[in-house]
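J.: Predicted model and sequence follow; I will ask about them next.
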2 protein chains.
Amino acid sequence: MSRAYNFAAGPAALPEPVLRQAQAELLEWNGARASIAEISHRSPEFMQVAAEAEADLRTLLSVPDDYAVLFLPGGATTQQALIALNFAACGQTADYVVSGHWGKVAVKQAQAYVAANVAASGEANGFRDIPAAAQWRLSPDAAYVHLTANETIHGVEFRPEWGEIPDTGTVPVFADFSSSIASEPLDVSRYGLVYAGAQKNLGPVGVTVVIVRRDLLERAGQPRAEIFNYAAHAKAGSMLNTPPSYNWYLAGLVFKWMLAEGGVEEFARRSAEKARLLYAAIDGSDGFYRNEVAASVRSRMNVPFFLHDEALTSAFLAQADEAGLLALKGHRVLGGIRASIYNAMPVDGVRALVDFMQDFRTRQG
Amino acid sequence: MSRAYNFAAGPAALPEPVLRQAQAELLEWNGARASIAEISHRSPEFMQVAAEAEADLRTLLSVPDDYAVLFLPGGATTQQALIALNFAACGQTADYVVSGHWGKVAVKQAQAYVAANVAASGEANGFRDIPAAAQWRLSPDAAYVHLTANETIHGVEFRPEWGEIPDTGTVPVFADFSSSIASEPLDVSRYGLVYAGAQKNLGPVGVTVVIVRRDLLERAGQPRAEIFNYAAHAKAGSMLNTPPSYNWYLAGLVFKWMLAEGGVEEFARRSAEKARLLYAAIDGSDGFYRNEVAASVRSRMNVPFFLHDEALTSAFLAQADEAGLLALKGHRVLGGIRASIYNAMPVDGVRALVDFMQDFRTRQG
């Protein structure tokens, strides 16, 4: 068995202790004489797993009591449609701040249901920066303001150096935190709703976390099936129908691992260190490597970069793979290289990448 | 490690060889230096897993080429809403044949989008039988006719002894096969669409199979987000967004196991034998045990039954559990006992249950 440093953007690396525990109990969970994957979601055994996962996530993110926590299938993209259906009247205006590819997808999913107003977009600038808050053209009567906290493809993240998300008064801010949740403390009370596909910082693919202020669940929204109704999911404890229970269990293992490692404060420290190492290697390469994102919004989670000579990209990828540095190929939208360095990526993994980058540059010297 | 016979209705027992293989390769899949759960869904490795799963399912069910096969999140309930959105105009009539609890849920999910006509219902009779085809009040201009091939809670299944599903002309029949798919040969061409949550006969929770005739994907349906569009999912190979890749992989392992065991013909043989043993034990108990479903529509997959003295139910369940016969408690809608005997349940498991039932009856004298 040989595991390497895996820089995949999602599905992404899982903590090895989590995989080992899942492996050990795959055939029998905790004396149940069956796998947790084979047990009814309504059994006392799974109900306990589910409740612990929610409690641990609440602890990790200091989720206030007036927020519901849902564990749902369908990924972040499904939530982008459901958000419009649940929280906006038919055709009502909703504001979108678009800082990369996934912000555009969010607009696309919502357009069937709302008048999506792109209040700000970094697209004219190739998403290398986020428009200043003063330039946002927010609608006073918007159902919500949507933003993407971290853009997985473009490597753009709302950082303190960029500034504060503007006060939107009674209009709640909804944020896609898929690729940065639990990587640092999060002031949930700043948002009406936070959602995140789990397959990046929270662990397994196949389950999505939605954290939503309970009073918003009283909004009428638009005609929709019960299965598309967040309030119904909240009332049913995310068990309106059979949930992706095994994925939920794996997420719970990741939450326990994160708590044991020191919680989000510790992951904030590691994330800062990993990002510092990697950007320093890029910026200190005399242009051999290049990241084009404005310093104030550089992502700590996804670092896209290019080689000065594009023709070297495939050699870089092949040699990195041989060196045990996996999945560094950039997303097809941008090309080049991308290193995703979520919570499960140890600092040593980034050190190994940085060492490889320096060696590769020297060899091309 | 001690595994018992697990009669859970879903999530349900998985084949032990599948669990053992998943366990062996959980930390590293096939020399990839990472778990399949950590690998991009768009990587060559996962694309191969996905393609093999589809090919194997096509082989198992003899799916004609003019049908698309989708692997989607959200469970069967989500498909019940999506079916209406994708294949009916807003408010168009759709016919529903309701033979149990899940047929009612299907109506409920669709009602936001279509005029759901209950063409036939067994409810007045406690869902102990399925109305004869001659009594169905089908609408000539329906978008589709929906039925539930097997009712997991009420233990009612469309069987040859009941008769043939009537010819609906150009109106396609859509069928929820969640709890009986791959338990016997299926003439897919008889249906416009077949869907099944995988967590019963197909293996893992968290992924749903949709088999749909391609020409139906050209229907306009209703305004909806792209993520709710079956045609978009088909075009994208079920990778419009990040799919539940690990669940898809597990389903693929189950498909290979089913093929190796002899395919659906062999599971039809085993299912018939298991059902014969269990119903014989009930019917031959001089009323100690009682199944109320008409003989012509008794489910081969889910066998609900009652003890002549309801007060004995909890003792039955406790002693069964001690005897290594798990999850026999009936669904809360019906109470009593329910044995779900999907493909992963060996004939020996049903023999053990039948032996226990006879012992229990003898002890109660």
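T.: Received the coordinates, thanks. The structure presented is a predicted model; accordingly, all values stated were derived computationally and were not measured. Numbering: from 1, shown residues only, chains lettered A, B, ... in the order given.
J.: now the end-to-end length of stretch A:87-104.
T.: 19 Å (C-alpha to C-alpha, to the nearest Å).
J.: typed the wrong thing, it's stretch A:39-47
T.: End-to-end distance of stretch A:39-47 (C-alpha to C-alpha): 10 Å.
J.: now swap in stretch A:16-31 and tell me
T.: End-to-end distance of stretch A:16-31 (C-alpha to C-alpha): 23 Å.
J.: Are that stretch and chain B in contact anywhere?
T.: Yes - shown here: stretch A:16-31 in contact with chain B (C-beta under 8 Å from any C-beta of the partner chain) through A:16, A:19, A:20, A:22, A:23, A:26, A:27, A:28. Glycine gets a C-beta too; all of them are placed from N, C-alpha and C.
J.: ok, residue A:46 touching residue A:245?
T.: Yes - between residue A:46 and residue A:245 there is a contact at 5.7 Å, judged by C-beta atoms under 8 Å.
J.: what do the two both touch?
T.: A:36, A:39 (C-beta atoms under 8 Å, 6 or more residues apart in numbering or on different chains).
J.: Can you pick out the ones from the residues of stretch A:16-31 next to chain B that are in helices?
T.: With DSSP state H as the criterion, helices contain A:16, A:19, A:20, A:22, A:23 from among these.
J.: PyMOL command to pick out the buried ones of those?
T.: Applying 16 or more other C-beta atoms under 10 Å in any protein chain shown to these, the buried members can be selected in PyMOL as follows:
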select buried, chain A and resi 19+22+23
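J.: need the ones in helices among the residues of stretch A:16-31 next to chain B in TSV with pLDDT, can you?
T.: Converted to TSV, those look like this (pLDDT from 0 to 100):
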residue	pLDDT
A:16	97
A:19	98
A:20	98
A:22	98
A:23	98
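J.: which one of the ones in helices among the residues of stretch A:16-31 next to chain B sits closest to residue A:253?
T.: Proximity to residue A:253 was ranked across these by C-beta to C-beta; first place goes to residue A:22, at 6.3 Å.
J.: quick one: that closest one from residue A:13, how far?
T.: Distance, residue A:22 to residue A:13, by C-beta to C-beta, to the nearest Å: 14 Å.
J.: Equivalent analysis for residue A:129, please.
T.: Taking C-beta to C-beta, one finds residue A:129 at 29 Å from residue A:13.
J.: Compare neighbour counts for those two and give me the winner.
T.: residue A:13 (30 against 17; other C-beta atoms under 10 Å in any protein chain shown).
J.: check contacts around that one.
T.: Neighbouring residues of residue A:13 by C-beta under 8 Å, 6+ apart: A:5, A:6, A:7, A:342, A:344, A:345, B:34, B:38.
J.: Okay, and which of the residues you listed map to strands?
T.: Secondary structure defined by DSSP state E assigns A:5, A:6 of these to strands.
J.: can you map out the strands along chain A?
T.: Here chain A has its strands, by DSSP E, at A:5-6, A:67-72, A:93-98, A:115-121, A:145-148, A:150-151, A:156-157, A:173-176, A:193-197, A:208-213, A:289-290, A:302-307, A:325-326, A:337-340.
J.: what's the third one in contact with?
T.: Read it as strand A:93-98. Contacts for strand A:93-98 (C-beta under 8 Å, 6+ apart): A:84, A:88, A:103-104, A:106-107, A:110, A:114-123, A:130-131, A:136, A:138-139, A:141-148, A:171.
J.: tilt between that strand and strand A:115-121?
T.: 30 degrees (axes from the mean of the first three to the mean of the last three C-alpha atoms, to 10 degrees).
J.: Show me what strand A:93-98 pairs with in its sheet, parallel or antiparallel.
T.: The pairing partners recorded for strand A:93-98 under DSSP bridges are strand A:115-121 (parallel), strand A:145-148 (parallel).
J.: May I have the first one as CSV, with CA atoms only?
T.: It refers to strand A:115-121. The C-alpha trace of strand A:115-121 is given here as CSV (Å, rounded to 0.1, in the frame of the first residue of the first chain):
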residue,chain,number,x,y,z
ALA,A,115,-34.2,37.7,-11.6
ALA,A,116,-30.5,37.2,-10.9
ASN,A,117,-28.8,40.6,-10.7
VAL,A,118,-25.1,40.3,-11.1
ALA,A,119,-24.2,42.9,-8.5
ALA,A,120,-20.5,42.6,-9.2
SER,A,121,-18.3,40.4,-11.3
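J.: residues touching the residue nearest to residue A:37 when sequence neighbours are not counted, list them.
T.: Among residues not flanking residue A:37 along the chain, residue A:246 sits closest, at 4.2 Å (C-beta to C-beta, 6 or more residues apart in numbering or on different chains). Neighbouring residues of residue A:246 by C-beta under 8 Å, 6+ apart: A:36, A:37, A:206, B:11, B:204, B:205, B:206, B:247.
J.: One more pass at 7 Å, please.
T.: Residues near residue A:246 by C-beta atoms under 7 Å, 6 or more residues apart in numbering or on different chains: A:36, A:37, B:204, B:205, B:206.
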